[in-house]
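A.B. asks: The sequence and its predicted three-dimensional model are supplied below.
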Amino acid sequence: MTELGHAAGDKLLLQFAERLITCIRYGDTACRYGGDEFVIMLPEIDSPEGTAVVTEKLRTQLSRPYVVDGTAIVISASIGTSIYPADGKNCSELIKQADVAMYLAKTQIPIQSTH
């Protein structure tokens, strides 16, 4: 993305956020946490099976190619989850556990080459 510039990166993030929002329900919350990290809060999901359904929906929607200024861009999303109260009793603990899970997910995604 760096070769396309910051404006293209911003456009990609906007498209990404729009897709992310289509994957969640009314009452759920999605926000940009920083850089290219997002947090989604799903208050009615309380099991690993429930998070797996949402995770797969996100992975499917977010992995489709994006078009930014006429250029098709394929990205991957590393998704980490945590469930209250099993993984933490407050926001900090839950985000820390989701972060650990996200980094584990990053090690399991094959790196795609554009060459």
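C.D. replies: Nice, thanks for sending it over.
A.B. asks: For residue 51, the count of nearby residues, please.
C.D. replies: 19 (other C-beta atoms under 10 Å). Using the backbone N, CA and C atoms, a C-beta is placed for each residue, glycine as well.
A.B. asks: so who does it touch?
C.D. replies: 42, 45, 81, 83 (C-beta atoms under 8 Å, 6 or more residues apart in numbering).
A.B. asks: Would you quantify the distance from it to residue 7?
C.D. replies: 34 Å (C-beta to C-beta, to the nearest Å).
A.B. asks: Residue 77 touches residue 64, doesn't it?
C.D. replies: No - with contacts counted by C-beta atoms under 8 Å, residue 77 stays clear of residue 64, the gap being 11.1 Å.
A.B. asks: Neighbour count: these two, which is higher?
C.D. replies: Between residue 77 and residue 64, counted using other C-beta under 10 Å, residue 77 has the larger neighbour count: 19 against 9.
A.B. asks: Do you know the pLDDT at the closest residue to the more buried one other than its chain neighbours?
C.D. replies: Nearest in space to residue 77, with sequence neighbours left out and distances taken as C-beta to C-beta, 6 or more residues apart in numbering, is residue 62 at 4.5 Å. pLDDT recorded at residue 62 is 94.
A.B. asks: Could you tell me which residues make contact with residue 63?
C.D. replies: Counted by C-beta under 8 Å, 6+ apart, residue 63 has contacts 74-77.
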